[in-house]
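with the input below, show me the fold.
(4 chains)
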There are 2 protein chains.
Amino acid sequence: MFSKACEYGIKAMIYVGTQSLKGERVKIGEIVENVGSPEAFTAKILSDLVKNGLIESLKGPYGGFYIPSDQMESIKVIHIVSVIDGDAIFSGCGLGLRECNAQEPCPMHTKFVKIRSELKQALASTSLLELANGIKSGKTILVR
Amino acid sequence: MFSKACEYGIKAMIYVGTQSLKGERVKIGEIVENVGSPEAFTAKILSDLVKNGLIESLKGPYGGFYIPSDQMESIKVIHIVSVIDGDAIFSGCGLGLRECNAQEPCPMHTKFVKIRSELKQALASTSLLELANGIKSGKTILVR
DNA sequence: TTTATTTCCGACAAAAATATCGACAATAAG
DNA sequence: CTTATTGTCGATATTTTTGTCGGAAATAAA
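Residues are numbered from 1 along each chain as shown, chains lettered A, B, ... in the order given. Purely as a prediction, here's the structure:
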């Protein structure tokens, strides 16, 4: 479904989110500990998310990553996925046709339209705040 | 969503299906012409599908691939996908957790359960016959 | 039996995704 | 200003996926 990079990116964002709610910045080492992802690779993905404005970073001692709490409601999973994997999952033909639409559909087109739009809807309606709160309350987990 | 191998495999099965309905065997060259996939790679994927009993093959002159017409209704897309990509798409955690279930769910678990089960349902209820008929009638296309 | 045809199979090659490493730049504290 | 800390960046390595090649095996026709 998602690439490894995207899985790591989403989980890292969620973890940073939980700590940002407490007003704490997190270092990459703490992130990968709590997310179970390779450090250098995860750092690279986070840089990408920084460039795209989904997360903030600060270098030096007491530095790290953080997400302004007032942005966590408006950051949706679809934004993270789009930055890392692009939007081929919710656009793009399931059978790989360059063009595939209602006029000239691939054999699976009608079956996929519904599923993809539901996926898109789910990703677009799920906020980082919601996911971070799930971790905070212990209802959900990020690792294992 | 699917791997390239899986996309090629599904499209090849559909094309062979359309020709099998006319009682014709098809050679790999004809398949890749009508599906737009690399020949040697597609041949390898088809061998895999032969081994798994989803398609028949015959070597030598007048040989090629074919699917007994009376099997085309019972062959579902999910069978093709399972052989080539495994079932990680409809099972397996969306965030890559080794174990992820209602007791210990990842943050996206509840959102994904529904989408994955619908995907599974769609793939399990779509037969090769149905897809081949779509091509045959010109309602759908395999290439471009 | 010979020949032409076609799939099968294993080795290899290329490209993309995943992952690591080390040097560099920014920052805070003393 | 110096030092320690931490993210950034480019180069490189590893693994997986995608793709190619050539010969072996099977088959049908002559």
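
for A:I10, list the residues it contacts.
Under the criterion of Cβ atoms under 8 Å, 6 or more residues apart in numbering or on different chains, the neighbours of A:I10 are A:F2, A:V77, A:I80, A:V81, B:L95, B:M108. In short, each C-beta sits where N, CA and C put it, glycine included.

same question but for A:I14, I mixed them up
Listed by Cβ under 8 Å, 6+ apart, the contact set of A:I14 reads A:L128, A:L131, A:A132, A:I135, A:L142, B:P107.

quick check: the farthest pair among those?
With Cβ to Cβ as the measure, no two of the contacts of A:I14 lie farther apart than A:L128 and A:L142, at 13.0 Å.

which of the contacts of A:I14 lies closest to DNA strand C?
A:L142 (15.6 Å; Cβ to the nearest atom of the strand).

count the neighbours of A:S74 for me.
Neighbour count of A:S74, defined by other Cβ atoms under 10 Å in any protein chain shown: 10.

wait, it touches A:S127, no?
Yes: taking contacts as Cβ atoms under 8 Å, A:S74 lies within contact range of A:S127: 7.1 Å.

compare A:L128 and A:L142 (neighbour count), which wins?
Neighbours per residue, other Cβ under 10 Å: of A:L128 and A:L142, the larger number sits with A:L128, 27 against 21.

residue contacts, the residue nearest to the more buried one when sequence neighbours are not counted?
Taking Cβ to Cβ, 6 or more residues apart in numbering or on different chains as the measure, A:L128 lies nearest to A:I75, with 4.3 Å between them; neighbours along the chain are not counted. Shown here is A:I75, whose contacts under the criterion Cβ under 8 Å, 6+ apart are A:M13, A:L54, A:I67, A:S127, A:L128, A:L129.

sec struct for the residue at the greatest distance from the centre of chain A, please.
With Cα atoms, centre = their mean as the measure, chain A has its most outlying C-alpha, relative to the mean C-alpha position, at A:Q103: 32.8 Å. Secondary structure for A:Q103, judged by DSSP: H, G, I helix; E, B strand; the rest coil, is coil.

mind checking which of the contacts of A:I14 land in helices?
Among those, the members found in helices (DSSP state H) are A:L128, A:L131, A:A132, A:I135.

what about the helix or strand A:A43 falls within, near chain B?
Using DSSP states H and E, the element containing A:A43 is helix A:39-51. No: for a cut-off given as Cβ under 8 Å from any Cβ of the partner chain, helix A:39-51 has no contacts with chain B; the smallest distance is 12.7 Å.

show the average pLDDT along that helix.
pLDDT averaged over helix A:39-51 equals 98, rounded to a whole number.

measure how the helix or strand where A:L119 lies sits relative to helix B:109-125, angle-wise.
Taking DSSP H and E as the criterion, the element that holds A:L119 is helix A:109-125. Relative orientation of helix A:109-125 versus helix B:109-125 (axes from the mean of the first three to the mean of the last three Cα atoms, to 10 degrees): 180 degrees.

one step back: immediately after the helix holding A:A43, which helix or strand?
Following the chain from helix A:39-51 toward its C-terminal end, the next helix or strand by DSSP H and E is strand A:56-58.

average pLDDT across that next one?
For strand A:56-58, the per-residue pLDDT averages 98.

roughly how far is it from the heart of the chain?
Distance of strand A:56-58 from its chain centroid, counting by Cα atoms, centre = their mean, to the nearest Å, is 17 Å.

what helices and strands are in contact with it?
Applying 3 or more Cβ pairs under 8 Å, 6 or more residues apart in numbering or on different chains; DSSP states H and E, one finds that strand A:56-58 makes contact with helix A:39-51, strand A:64-66.

is the shortest one anywhere near DNA strand D?
Yes: residues of strand A:64-66 are located near DNA strand D by Cβ under 7 Å from any atom of the strand, namely A:G64, A:F65.

which parts of chain A sit against chain B?
By the rule Cβ under 8 Å from any Cβ, the part of chain A lying against chain B is A:1-2, A:4, A:7, A:10-11, A:14, A:77, A:89, A:94-99, A:104-109, A:111-112, A:114-115, A:118-119, A:122, A:126, A:131, A:134-135, A:139-144.

quick one on the thing from earlier: which among the contacts of A:I75 gets closest to DNA strand C?
Using Cβ to the nearest atom of the strand, A:M13 is the member of these that lies nearest DNA strand C, at 16.1 Å.
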